[in-house]
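Asks: could you look at this predicted model? Sequence included:
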Amino acid sequence: MYTLLLISAILLIIASKHNFISMFTATSIILFTLSTISLIFNLQTTVFLNIIIAINLITNVFILTVTSYRLYQKAKVKANIMLHLPAIILYITMIAINLFKIFDFYKYIIGMNLYLSLIVLSHLLGNLIIKHKKIDTDFDYIVVLGGSMKGIELSELIKQRMITSFAYYRTNKSIMIFSGGKSNGDIEESVAMKNFAVENHIQDTDILLEKLAMNTMQNIEYVRNLIQQQDENCNSKKVCVITNNFHAYRTKLICNKMKVNWTVVPAESNPTSKINTYLIELLAAIYLDILIHITLIIIITIIIGRFV
């Protein structure tokens, strides 16, 4: 237990270099809290192990439910069946191992499962923090991220981002930046967003377009470059980035990674969109620090397997 506490403390020190809204930081905090509680209350190894198993079971059932729902929604496409069925089998297996301790090396599986569970909890925690964080309404630049569209029409998700952005716009005082290149539509996403904004009485002179970005990382990078070109005092300007709530946490992670202290504003989206995109957003967020996560999952697996 002391070993686990020491490792989690080291992880916290490393994580302190990140902003708090970080999957790595949140995972370290949860792990540190778990090991500290076990020492304070002098929990026996079996009690601590049962706590880990309970955490694993709760998060496994959650992911299994989300994955099963996605499979149900997209079962007509063979690629989706091939993607989701192995994940369902994996999580059913892990639930069985946690419940019945099936074979001698079950502690190693439970240790690996613990880290995966902590990542899920961290992702949920990050989304909650962004959702309930008090947001200023006075911004110099309002950035709206693009997304998929058909023809020249914006999707409902992008319209929700646009409508949210209008609440922060101040005529002749705020600059709106629409970011998005040409993906699956007939025109650039940013151009379609501008058309929608002008139709809703946003002044054309208060709009800037970024027409090249094809993903969120490029959105943030290219918009940052655009603001730097427009404003010599760009570092002192207040910037908000508007995207849908299911995408807000990963957007904040990317802002942190690119060292821009921008406020992420979550726009509402329907529950089906949240469920369908949860796993994609989770995996994409993990990929941002994939080497760190692979290293930590190996360390935690060995510690739980050998010392708990």
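Replies: Yep, it's here. Bear in mind that the values here come from a model prediction, so they are computed numbers and not experimental data.

Asks: so for residue 289, what's the nearest residue that isn't a sequence neighbour?
Replies: residue 24 (5.6 Å; C-beta to C-beta, 6 or more residues apart in numbering). Placement of C-beta: from N, CA and C, glycine included.

Asks: which helices and strands does the longest helix belonging to the chain pack with?
Replies: Longest helix in the chain by number of residues (criterion: DSSP state H): helix 45-73. For helix 45-73, the elements it packs on are helix 23-40, helix 78-100, helix 106-132, helix 271-288, judged by 3 or more C-beta pairs under 8 Å, 6 or more residues apart in numbering; DSSP states H and E.

Asks: and the third one with helix 78-100, angle?
Replies: Per axes from the mean of the first three to the mean of the last three C-alpha atoms, to 10 degrees, the angle that helix 106-132 makes with helix 78-100 is 120 degrees.

Asks: can you give me the angle helix 106-132 makes with helix 271-288?
Replies: Using the same axes, to 10 degrees, helix 106-132 lies at 120 degrees relative to helix 271-288.

Asks: check the second one too.
Replies: Relative orientation of helix 78-100 versus helix 271-288 (the same axes, to 10 degrees): 80 degrees.

Asks: in this protein, what helix or strand scores lowest on average pLDDT?
Replies: Using mean pLDDT, DSSP states H and E, helix 2-15 stands out as the lowest-scoring helix or strand of the chain, at a mean of 72.

Asks: who does that helix touch, helix- and strand-wise?
Replies: Short answer (3+ C-beta pairs under 8 Å, 6+ apart): helix 2-15 packs on helix 23-40, helix 290-307.

Asks: just so I know, which of these lies nearest residue 176?
Replies: Between residue 176 and the helices and strands packed on helix 2-15, the shortest separation by C-beta to C-beta is 29.8 Å, and it involves helix 23-40.

Asks: and the closest one, what does it pack onto?
Replies: By 3+ C-beta pairs under 8 Å, 6+ apart, helix 23-40 packs against helix 2-15, helix 45-73, helix 106-132, helix 271-288, helix 290-307.

Asks: rewinding a little: make TSV out of the helices and strands packed on helix 2-15 and add distance to residue 249.
Replies: Formatted as TSV, the helices and strands packed on helix 2-15 follow (distance: least, C-beta to C-beta, whole Å):
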stretch	distance to residue 249
helix 23-40	8
helix 290-307	16
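
Asks: and these, which is most packed in?
Replies: helix 23-40 (a mean of 19; mean count of other C-beta atoms under 10 Å).

Asks: compute the inter-axis angle for it and helix 290-307.
Replies: Interaxial angle, helix 23-40 versus helix 290-307 (the same axes, to 10 degrees): 20 degrees.

Asks: just the buried positions in the least confident helix or strand of the chain, please.
Replies: Within helix 2-15, the residues scored as buried using 16 or more other C-beta atoms under 10 Å are 4-5, 7-8, 11, 15.

Asks: how about stretch 89-98?
Replies: Those would be 91, 94-95, 97-98, for stretch 89-98 by 16+ other C-beta under 10 Å.

Asks: for residue 94, what are its contacts?
Replies: 56, 60, 109, 113 (C-beta atoms under 8 Å, 6 or more residues apart in numbering).

Asks: could the residues you listed go into CSV alongside pLDDT, distance to residue 296 and neighbour count?
Replies: CSV is the format used below for these (pLDDT from 0 to 100; distance: C-beta to C-beta, whole Å; neighbours: other C-beta atoms under 10 Å):
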residue, pLDDT, distance to residue 296, neighbour count
56, 94, 16, 25
60, 95, 19, 24
109, 92, 16, 20
113, 94, 14, 27
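
Asks: any stretches of the chain with poor pLDDT?
Replies: Low-confidence regions of the chain, defined by pLDDT under 70, span residues 1-2, 14, 16-20, 75-79.

Asks: okay, strands next: where are they in the stretch 101-250 of the chain?
Replies: For the stretch 101-250 of the chain, applying DSSP state E, counting those that start in this stretch gives strands covering 141-145, 149-150, 153-154, 175-179, 207-210, 239-244.

Asks: quick one, which of these gets closest to residue 73.
Replies: Per C-beta to C-beta, nearest to residue 73 of the strands of the stretch 101-250 of the chain: strand 239-244, 17.7 Å.
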